[in-house]
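Student: Sequence first, then the predicted structure:
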Amino acid sequence: MTSPIVDPSDLATLPNLILLDARGSADAYTAGHLRGARQAHADTHLSEQHDPAHGGRHPLPPLDRWLAQLGAWGIEPSSNVVVYDDQSGANAAARAWWMLRSVGHERAFVLDGGLPADAELTTDLPNITPQPPYPAERWLRPTVSIDDIERLRTDSAWKVLDVRSEPRFRGESEPIDPIAGHIPGAVNLPFTENLEQGRFKSPEALRAQYEQLLGGVAPEHLVVHCGSGITACHTLLALEAAGLEGASLYVGSWSEWCRNEERPRSA
């Protein structure tokens, strides 16, 4: 399987399958999940909480903690890991996928469409055989810092892409962070444009969409961000499905940028 997006009908064909439930509600997993799924929550498993002015609301956890968590879930290099949520991959299945790929786990996928409406759920906890920490030495996928963004946002050879909704980008509303607006020089294409009726667009449609946005800029010179580095991974997933690999993640995203008063803001 080459696509990072898997259809629910294909789950039964994957050997050594491990499911991760990355839904945003902390209570959703307890209320019912796919049989065998482990909980992978954005706040407790997929990030490290500290001062959002220095790293944003969802900074990456320390590498050793993430590798130990993968082992605790029973994930080893031969595992096929499929992540799902109930937001078509945006919160936070794509973030878990990106973190798996970023430590070299190539057998990582996101369930297209998220948790099926007719899925049979269970409250039983999975029977896990823990493994040693996943064998990796560093984060492999490119990321950029707030200082990098300051430099790249005015460089014509680069594009900085904000995937939040248009009202948030324009500064008309801000439901989460203390200040509305966007990073000057950034362009906007909401992550929802990756979808049609809750499923990812075809690779061909995604490629056409992002080639138009790139306008000749190499994918390796694209930086993707959102509010806190979660939904940005949805667009990184779409780019990979389209065959346009190499874009960087600004993990701190708007949640970090807006809390630093010396940084310029547009609305």
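Tutor: Yep, it's here.
Student: what residues are up against Ala136?
Tutor: Leu63, Leu67, Val103, Gly104 (CB atoms under 8 Å, 6 or more residues apart in numbering). Placement of C-beta: from N, CA and C, glycine included.
Student: With pLDDT and neighbour count added, can I get those in JSON lines?
Tutor: Output for these, formatted as JSON lines (pLDDT from 0 to 100; neighbours: other CB atoms under 10 Å):
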{"residue": "Leu63", "pLDDT": "98", "neighbour count": "16"}
{"residue": "Leu67", "pLDDT": "98", "neighbour count": "19"}
{"residue": "Val103", "pLDDT": "98", "neighbour count": "19"}
{"residue": "Gly104", "pLDDT": "98", "neighbour count": "16"}
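Student: okay, the residues you listed in TSV with secondary structure and distance to Gly55 next?
Tutor: Shown next, in TSV, are these (DSSP: H, G, I helix; E, B strand; the rest coil; distance: CB to CB, whole Å):
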residue	secondary structure	distance to Gly55
Leu63	helix	14
Leu67	helix	19
Val103	coil	19
Gly104	coil	23
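Student: ok, so of those, who is nearest Val251?
Tutor: Within the contacts of Ala136, the smallest distance to Val251 is 13.2 Å, found for Leu63 (CB to CB).
Student: residue contacts, the closest one?
Tutor: Applying CB under 8 Å, 6+ apart, the residues contacting Leu63 are Val103, Ala136, Arg138, Trp139.
Student: ok, for the last one, nearest residue in space, not its chain neighbours?
Tutor: Distance criterion CB to CB, 6 or more residues apart in numbering; nearest residue to Trp139, sequence neighbours excluded, is Ser102 at 5.0 Å.
Student: Burial check on that neighbour, number of neighbours?
Tutor: Ser102: 21 surrounding residues under other CB atoms under 10 Å.
Student: same thing with the one 5 residues further on?
Tutor: A count of nearby residues for Arg107, using other CB under 10 Å, gives 20.
Student: Need the pLDDT of it.
Tutor: With respect to pLDDT, Arg107 scores 97.
Student: so how far is Arg38 from it?
Tutor: For Arg107, the distance to Arg38 (CB to CB, to the nearest Å) stands at 16 Å.
Student: Ok, Gly89 next?
Tutor: In terms of CB to CB, Gly89 sits 17 Å off from Arg38.
Student: What segments of the stretch 101-250 of the chain are helices?
Tutor: Along the stretch 101-250 of the chain, the stretches classed as helices by DSSP state H, counting those that start in this stretch are 146-152, 166-170, 203-214, 232-241.
Student: Pull the residues that contact the last one.
Tutor: The one in question is helix 232-241. Under CB under 8 Å, 6+ apart, the answer for helix 232-241 is 3-5, 88-90, 92, 94-95, 97-98, 110, 161, 163, 189, 191, 194, 200-201, 203, 206, 210, 219, 222, 224-226, 245, 247, 249-250, 253.
Student: neighbour-wise, which of Gly89 and Arg38 wins?
Tutor: Neighbour count, other CB under 10 Å: between Gly89 and Arg38, Gly89 has more, with 33 against 22.
Student: deepest of the helices of the stretch 101-250 of the chain, which one?
Tutor: helix 232-241 (a mean of 26; mean count of other CB atoms under 10 Å).
Student: And that helix, how far out from the chain middle?
Tutor: A distance of 7 Å separates the centroid of the chain from that of helix 232-241, by CA atoms, centre = their mean, to the nearest Å.
Student: That one to helix 203-214, inter-axis angle?
Tutor: Compare the direction of helix 232-241 with that of helix 203-214 by axes from the mean of the first three to the mean of the last three CA atoms, to 10 degrees and you get 110 degrees.
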